[in-house]
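# just a sequence and a predicted model for now, questions to come.
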Amino acid sequence: MPELPEVEVVRRGLANWVAGRTVSGVDVLHPRAVRRQPAGAADFAARLTGTTLGAAQRRGKYLWVPLAGPGGPAAGGGFSLIGHLGMSGQLLVQDPTVPDETHLRVRLRFTDGGRELRFVDQRTFGGLAVEEAEDGDPEGTPVSIAHIARDPLDPRFDDAVFVAALRARRTTVKRALLDQTLISGVGNIYADEALWRSRLHYDRPTATLTRPQVALLLANAREVMAAALAVGGTSFDSLYVNVNGESGYFSRDLDAYGREHEPCRRCGTAIRRAAWMNRSSYFCPRCQRAPRLRAGG
DNA sequence: ACGTTTTCCTGAGCGC
DNA sequence: TGCGCTCAGGAAAACG
C-alpha cells in the first residue's frame, strides 16, 4: 500500500526516467483510471499528447508532473499530469515490447520511441488526470489537492501549527494521523508504526495529548517514513513496486503493522490486531494502553 | 461546520 | 472443484 515513502520512490523514478520526454500518444484502457478528468478519457489524452513532461513533484501521496506545451515551457499553461496510486496503483517505465500487464489502465508513449510510462492498477482506487495549477501558486500545486496538507518531509511543514491543530480536534489520534488535511502522506502502516514508537493507543482522544506527546508522535512519524524511504519503501507483495518493478525492503523492519501474535520488540508482549474503521490496527497492549473509558451516565 | 460512515474495486486466502 | 465469505484500504461523497 503506497504511502509517503513508496510514493516518493516512484516520484524519483519518474524524475529519472520520463522528465524531458515528449508524449506522442496516450491509450486509456480503463475509463475509471481517468474518472477525475471532468471531460473524460479523450480529453485526457488530447491534453497530454504533444506536451513535454517536467520534473515530478509530490505532496503526501499525490504526484504531479508539470507539462510544457510544444511552444515552450509557458505554453503548458500551468497544467500538470496528476496521479494517485490508491491502494494498488503502479507507475512502470516499461519497454514497448513487454506485453500489456493484466491491469494496465493507461499508457503514455513518447516521441523518442523509448520506454513507455504505464499506469497499472488492480483495484482501481488510483487514477490520473490533467489539471491546472492553483492560481498564483509558485509550486504549481494542482487545484484538486489544494486542501491536502504538507507532509512531514516537506521543509515547509509547520510543526507548531500541526501540534496545535491536532490537539484542537475532537477526535482520536489515529483518525487525526490519517486525516490528509492535517498531515499528509501517513497511511495505515506508518500510523501504526508511529503510534507504537510513541507508546500511544490508536483510540486516544487527541484532546488528552500534551504538546510534547504530539511533538514526539510527529517526530516518530517523520523518522519511520524517512527510514522506510532509505530502503526503498515497504512492500508486502507485488502490489507496491518502483518504476522498474522492484520491491522495497522496509516490511522486515516494521515493529507493529502486520505482526499480530508476534512479540513486541520492546517488551515481548504479543502484538494485537484490532478491527478499526473497516481496517486493522496493530498495537502492543502493554506499551500502548487503551484509554480509560469514561464512566458515563 | 465538523466529525463519522459509506462507498468504490478486485484478487488472495480460507472454510466447507 | 468451486462457491461464498472476508480482508486489504485512500479519500471523495454522503450522512448526521
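Now that the structure is in, tell me what you want to look at.
# so is the helix or strand containing A:Leu91 next to DNA strand B?
Secondary structure from DSSP states H and E places A:Leu91 in strand A:89-94. No. Using CB under 7 Å from any atom of the strand, strand A:89-94 stays clear of DNA strand B, with a minimum separation of 11.4 Å. Quick note: C-beta positions are derived from backbone N, CA and C, even for glycine.
# show me where the stretch 1-150 of chain A has its strands.
For the stretch 1-150 of chain A, the strands defined by DSSP state E, counting those that start in this stretch occupy A:23-28, A:52-53, A:57-59, A:62-68, A:79-84, A:89-94, A:104-110, A:116-121, A:127-132.
# can you list contacts of the shortest one?
Contacts of strand A:52-53 with the rest of the structure, by CB atoms under 8 Å, 6 or more residues apart in numbering, involve A:14, A:18-23, A:65-70, A:81.
# tell me the angle the strand holding A:Leu91 makes with strand A:62-68.
Following axes from the mean of the first three to the mean of the last three CA atoms, to 10 degrees, one obtains 50 degrees for the angle between strand A:89-94 and strand A:62-68.
# tell me the strands beside strand A:89-94, with direction?
As defined by DSSP bridges, the strand partners of strand A:89-94 come to strand A:116-121 (antiparallel).
# pLDDT weak spots in the stretch 51-200 of chain A?
Within the stretch 51-200 of chain A, the segments meeting pLDDT under 70 span A:71-77.
# what does it have sitting close to DNA strand C?
A:60-62, A:84, A:86-87, A:123, A:125, A:144-145, A:147, A:178, A:180, A:184, A:187-189.
# which of those are buried? Put it as a ChimeraX command.
Applied in ChimeraX, the following selects the buried portion of those according to 16 or more other CB atoms under 10 Å:
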select /A:60,61,62,84,86,144,145,178,180,184,187,188,189
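# DNA strand B next: which of the residues of the stretch 51-200 of chain A next to DNA strand C are close?
Applying CB under 7 Å from any atom of the strand to those, those adjacent to DNA strand B are A:Met87, A:Arg123, A:Phe125.
# so the first one makes contact with A:Gly127?
If I follow you right, that is A:Met87. No. At 11.8 Å, A:Met87 does not count as touching A:Gly127 under the criterion of CB atoms under 8 Å.
# right, so of the strands of the stretch 1-150 of chain A, which gets closest to A:Pro38?
Of all these, strand A:127-132 sits nearest to A:Pro38, with 8.4 Å by CB to CB.
# thank you, goodbye.
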